[in-house]
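**Q** from the sequence below, what's the structure:
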Amino acid sequence: MSDSTDKTLQLVGMIYDAALDESKWTPFLERLATTLASPSAILRSNDMHTHAATFNASVGYDPAWQTAYCKHFVKMDYYNQIMNQHAPGEIILSDRHVDQRELRKTEYFNDYLIPQNKTHSMGVFLLKDENQSLVLGVQRGRLRGAFGDEESQLMNNIAPHIKRAAQIHRQLHTVTTEKEHAHTVLDQMRMGVILTNHSGSPLYLNRAAELMMTQDVGLGVVHNKIASYSPAETTQLHKLIANTALGMGGDMRISMPNKSDFLHCVVTPISPEMAFILDSANSSNCAAIFLSRPGSLQLSPKRLVTLYKITPAEARLAARLAALRTLEEASDDLGISISTARTQLKSVF
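**A** Model (predicted):
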């Protein structure tokens, strides 16, 4: 194996390590810079609409100069203008593809490149679409001289791997973000949410469900399975959970220890995609259990009037029923007759 091939394979290995752990982009750039006898290297992204720049990773750059680039010099980056004229993946050498006479007239060259001693560059657009671009670049000073064919070939060999690694990282980041958002939304709900496998073993609980489990509400985990204090209710619950594998669900009441209260329990199938987002260890045959106490899910009568154009009296009744009160209980709460409640309910429907 030639020394050049060995160096390329080492760099490629580091690239895919960085795809899984973005902190490893900096060690990769350090190795790349050393291999190419370059004091500095960057991996930088640009927003194609706002032209905002972000240094994803860099070596050999003073943070003050990075800030200056992001705030000011990004708008006049002469190299970006040249690279925009070439296809993504094409290696661009400043001494071959850039008009040096025009470059030396620019503020970018005189006030940004010269003070940092970065007069020779080699770069490539790894990714570029209507929203964002990702560029890899290495830089040298005047004494180091221009980049040549051998260095350009090495960059050409590793560029496709960096592109794939960046795409992998973007996909992983998207999935991670979706998981974080899903957990945040579920944790903000006052309704308890439990994700189980088809046999009733809990895989995920939101904060409300965790709190319910500590408050002796008649539901717990026995032998690593969700269970009620009532054997009959446990059997019914497990039957509903098992039925979700067939695409069916259902609801039931879970008796609380004081016998006078209960939890309303709704069991429904959950898609493998959502189970994966919620970090389920087994994304197939999952069930979601939604738990609420009567009266715990309050609907604002005022909002019901606004949204559905019903009367305030009808809205008050609808809110009581949504809180799992019976029609008789709701009429008692509101001080109206059962016949009046039925008339209002008919009007609501």
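
**Q** I figured Phe262 hits Ile254, correct?
**A** Yes - counting by Cβ atoms under 8 Å, Phe262 does reach Ile254; the two are 6.0 Å apart. Every residue, glycine included, has its C-beta placed from N, CA and C.

**Q** ok, these two, which is more surrounded?
**A** Ile254 (23 against 18; other Cβ atoms under 10 Å).

**Q** beyond the helix or strand harbouring that one, next helix or strand please.
**A** Take DSSP states H and E as the rule and Ile254 turns out to sit in strand 250-255. Downstream of strand 250-255, the first helix or strand assigned by DSSP H and E is strand 262-270.

**Q** so how far is that next one off the chain centroid?
**A** 27 Å (Cα atoms, centre = their mean, to the nearest Å).

**Q** also stretch 130-138?
**A** That offset, for stretch 130-138, works out to 21 Å (Cα atoms, centre = their mean).

**Q** quick one: contacts of it?
**A** Stretch 130-138 is contacted by residues 32-33, 36, 38, 40-49, 56, 79-80, 83, 121-128, 147, 155, 159, 162, 166 when judged by Cβ atoms under 8 Å, 6 or more residues apart in numbering.

**Q** just the C-alphas of it, formatted as PDB.
**A** Taking Å, rounded to 0.1, in the frame of the first residue of the first chain, the C-alpha atoms of stretch 130-138 are listed here in PDB:
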ATOM      1  CA  GLU A 130     -31.100  26.400  -2.700                       C
ATOM      2  CA  ASN A 131     -30.900  26.600   1.100                       C
ATOM      3  CA  GLN A 132     -27.400  25.800   2.300                       C
ATOM      4  CA  SER A 133     -23.800  25.200   1.200                       C
ATOM      5  CA  LEU A 134     -21.100  23.300   2.900                       C
ATOM      6  CA  VAL A 135     -17.500  24.000   2.000                       C
ATOM      7  CA  LEU A 136     -14.200  22.300   3.000                       C
ATOM      8  CA  GLY A 137     -11.100  24.400   2.600                       C
ATOM      9  CA  VAL A 138      -7.400  24.400   3.400                       C
END
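
**Q** re earlier: now do the shared contacts for Phe262 and Ile254.
**A** Common neighbours of Phe262 and Ile254 (Cβ under 8 Å, 6+ apart) are Gly218.

**Q** now name the helix or strand holding Leu127.
**A** strand 120-128.

**Q** any idea of the mean pLDDT in that strand?
**A** In this model, strand 120-128 has an average pLDDT of 89.

**Q** what does it rub up against?
**A** 36, 48, 79, 83, 86, 88-95, 133-142, 144-147, 151-152, 155, 159, 162-163, 166-167.

**Q** make a PyMOL selection of the buried ones in those.
**A** Buried subset of the contacts of strand 120-128, written as a PyMOL selection, criterion 16 or more other Cβ atoms under 10 Å:
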select buried, resi 36+79+83+88+91+92+93+94+133+134+135+136+137+138+139+140+141+144+147+151+152+155+159+162+163+166
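
**Q** cross the contacts of strand 120-128 against strands and list the overlap.
**A** Ile92, Leu93, Ser133, Leu134, Val135, Leu136, Gly137, Val138, Gln139, Arg140 (DSSP state E).

**Q** which of the residues you listed lies closest to Ser201?
**A** Leu134 (42.4 Å; Cβ to Cβ).

**Q** quick one on the thing from earlier: what's the angle from the strand holding Ile254 to strand 262-270?
**A** Computed by axes from the mean of the first three to the mean of the last three Cα atoms, to 10 degrees, the angle separating strand 250-255 from strand 262-270 equals 150 degrees.
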